[in-house]
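Q: Kindly return the folded structure for what I paste below:
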Amino acid sequence: MFLYMEHEKIINRCRKSLLAGFFLIGMVFFTPDVSRGMRGGFFRLATQSTWNKFLELPAAWCSCKIILLSLGLFLVIECLGTILAVFGLRRLAWVAYLLHVLPSVLFLMGSYYVIKALL
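A: Numbers count the residues shown, from 1 in each chain. Model (predicted):
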C-alpha cells in the first residue's frame, strides 16, 4: 500500500510537469512568430539571422521560441520516462530518457541563435 501511495504522488507531480510542458509547446505554436509570411516559420527566421545586424528582434523572438520548445519537450519527455519507470518498464524508460538529447540540442541551438540575433 505504501508503494502505491508513493507512485500516486509521483504521477501527480508528473501530471503538473506534463501540463507545464504542453503549455510551453502550445505557447510556442500559438503565439505570433513574426515570420513575415516566410515558409518554414520561426525556425527559418531564427536561422537566417546574420552577425552583422545588431538587435534583430524578430529573429531573437523566434530563437526564444526554440528555447521554449526545447523546455516543453524536455518536460514532456521527462514525464514520459518517469511514468514508464513507475509502471516498471525500465528499458522503455531508459529509451525515453535518451530522447532528452533532442531538447538539449534544441536548447543549445536556440541559445546560439539568440546570441547571434542580438549581437
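
Q: C-alpha from now on. contacts and neighbour counts both.
A: Fine.

Q: Need the per-residue pLDDT for Leu55.
A: Reported pLDDT at Leu55 in the predicted model: 85.

Q: ok, now the one 5 residues further on?
A: Ala60 is assigned a pLDDT of 88 by the prediction.

Q: Number of residues surrounding it?
A: Look at Ala60: counted by other Cα atoms under 10 Å, it has 24 neighbours.

Q: so which helix or strand takes in it?
A: Assigned by DSSP states H and E, Ala60 belongs to helix 57-86.

Q: if I pick the residue most central in space within the chain, what's in contact with it?
A: Central residue of the chain (Cα atoms, centre = their mean): Ser70, 2.1 Å from the mean position. Counting by Cα atoms under 8 Å, 6 or more residues apart in numbering, Ser70 touches 102-104, 106-107.

Q: go again using 6 Å as the cut-off
A: 103, 106-107 (Cα atoms under 6 Å, 6 or more residues apart in numbering).

Q: tell me what the helix or strand hosting Glu8 is packed against?
A: Assigned by DSSP H and E, Glu8 falls within helix 2-30. Helices and strands touching helix 2-30, as assessed by 3 or more Cα pairs under 6 Å, 6 or more residues apart in numbering; DSSP states H and E, comprise helix 57-86.

Q: What lies in contact with the helix or strand that the helix it packs on is followed by?
A: Going down the chain from helix 57-86, the next helix or strand is helix 90-98, by DSSP H and E. Helix 90-98 is contacted from outside by 81, 84-85, using Cα under 6 Å, 6+ apart.

Q: rerun that using 8 Å as the cut-off
A: Contacts for helix 90-98 (Cα under 8 Å, 6+ apart): 77-78, 80-85.
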